[in-house]
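Student: Task: produce atomic coordinates for the following.
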Amino acid sequence: MDEFFDKIKDGASKAKDAAERIAKEVTKRTSNAITSTKLSYSINEANNKAEDIFAKIGKAIYENRITEIGEDIDFSSEFETVDAIMQYIENLKAKKAELKNAVMCAKCGTLNPIESEYCSKCGTQLFTADDDADADDEDDIEVEEITITPEQKQED
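Tutor: Numbering: from 1, shown residues only. You can find the predicted model right below:
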């Protein structure tokens, strides 16, 4: 009879361990899904901010053409802001790929399994010796909302 209860106890212990493993995996996947959603939201917000800047630049060029003043308009600060936004977006995309245990091809943007040496779509080498050295020095990317309010500079 003791053997019967020992088997039940052992089975219950195994079931408990399995349930704990499943709960940890579900928690991890849920956390990754939430982080991925936040990253996607941040990417969309950054893209919208870049599109707003592009629209402002286009409007200024159009208005300059209509008025036929022919002023030189300096968009260097807007270009710098867009460059910063694009770099921010690339960092977010890389973090999202990391969450999916994948690596994004720098050339075409395709997500590839982390163990791949070459892109499955375009054949570009995914890692170089320099990338491996940089990966050790890299800090985690924090998801944060960015606020960019560029001012257009016009020369008088």
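
Student: low-scoring pLDDT stretches of this protein, where are they?
Tutor: Across the chain, the ranges flagged by pLDDT under 70 are 68-70, 128-156.

Student: Run through the helices of it in chain order.
Tutor: 2-67, 76-99, 129-137 (DSSP state H).

Student: Distance check, Asn101 against Ile89.
Tutor: From Asn101 across to Ile89, the span is 21 Å (Cβ to Cβ, to the nearest Å). Any C-beta I mention is one placed from the backbone N, CA and C, and that applies to glycine too.

Student: ok, these two, which is more surrounded?
Tutor: Using other Cβ atoms under 10 Å as the criterion, Asn101 and Ile89 rank with Ile89 on top: 18 against 11.

Student: residue contacts, the more buried one?
Tutor: Neighbour list for Ile89: Ile43, Ala46, Asn47, Ala50 [criterion: Cβ atoms under 8 Å, 6 or more residues apart in numbering].

Student: Just the buried residues from the residues you listed, in ChimeraX please.
Tutor: Selection of buried members from these for ChimeraX, criterion 16 or more other Cβ atoms under 10 Å:
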select :43,46,50
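
Student: and of the contacts of Ile89, the nearest to Lys14?
Tutor: If you rank the contacts of Ile89 by distance to Lys14 using Cβ to Cβ, Ile43 comes first, at 42.9 Å.
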